[in-house]
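Build me a structure from this.
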Amino acid sequence: MKNEHYRWMLIDRAAKDRMHGILESWLGTPYRLNHAIKGMGCDCKTFVCAVLDEAFCMNESKKIPRLPADTAINNPGACLPFMVAMSKCWHGFRKMEDASLQCGDLVVMRPFKKDEGERRGGHFGIVGAEAMTVYHAPMAGARVRKVGVVGCGLREIIGVYRPKKKDLWS
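Got it, this is the predicted structure:
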């Protein structure tokens, strides 16, 4: 589904404010593969995991399986262990089929084409508190940033997963 077809849904103000503060505190963190230290480095997966740890007040970071580089296009089944592990760690997720986006949703994005015929791995981000924004750790040499869902070069969203217990954030 094209990004411009998604619609915004509101959540509890306290949960939204908490997630907004957490996401804003990660802005500018440099991309560093397999790290998850605010201000020091993270990749897209470790960023998502660290934000959810903080939102759900988890004192210990969760061990989530590594994803192969071709997951999103050539091996979509490899995402299953990642999503199952995430579901167990943070009270479960619902795959959203209604084209809605809500603060705190996990988004899975299509990878960029590196060269003609060559593809890079899939990409993860978290929907922000401001309507139709996504925070993500884009790539090596970049920093965690906030972008609009439409018209800002964000990769095509191919899946939206909503945490089941956002009420625990407030």
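
Setting aside sequence neighbours, what's the nearest residue to His35?
In space, and not counting its chain neighbours, His35 is closest to Gly41: 4.0 Å by CB to CB, 6 or more residues apart in numbering. From N, CA and C alone the C-beta is placed, and that goes for glycine too.

Would you tell me which strand is longest in the protein?
strand 157-163 (DSSP state E).

end-to-end on stretch 96-107?
Start to finish, the residues bounding stretch 96-107 are 10 Å apart (CA to CA, to the nearest Å).

per-residue confidence averaged over that stretch?
In this model, stretch 96-107 has a mean pLDDT of 89.

Check which residues of stretch 5-14 are buried.
Residues of stretch 5-14 classed as buried by neighbour count (16 or more other CB atoms under 10 Å): Tyr6, Ile11.

coming back round to it: the residue nearest to His35 and Leu10, how far apart?
For Gly41, the distance to Leu10 equals 33 Å [CB to CB, to the nearest Å].

re earlier: quick one: contacts for the residue nearest to His35?
The neighbours of Gly41, taking CB atoms under 8 Å, 6 or more residues apart in numbering as the test, are Thr29, Pro30, Tyr31, Arg32, His35.

now swap in Val48 and tell me
By CB under 8 Å, 6+ apart, the residues touching Val48 are Leu106, Phe124, Gly125, Ile126.

ok, Arg145 - contacts?
Leu27, Tyr135, His136, Pro138.

mind putting those in CSV, secondary structure included?
Below are the contacts of Arg145 laid out as CSV (DSSP: H, G, I helix; E, B strand; the rest coil):
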residue, secondary structure
Leu27, coil
Tyr135, strand
His136, strand
Pro138, coil
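
Right, I'll call it a day here.
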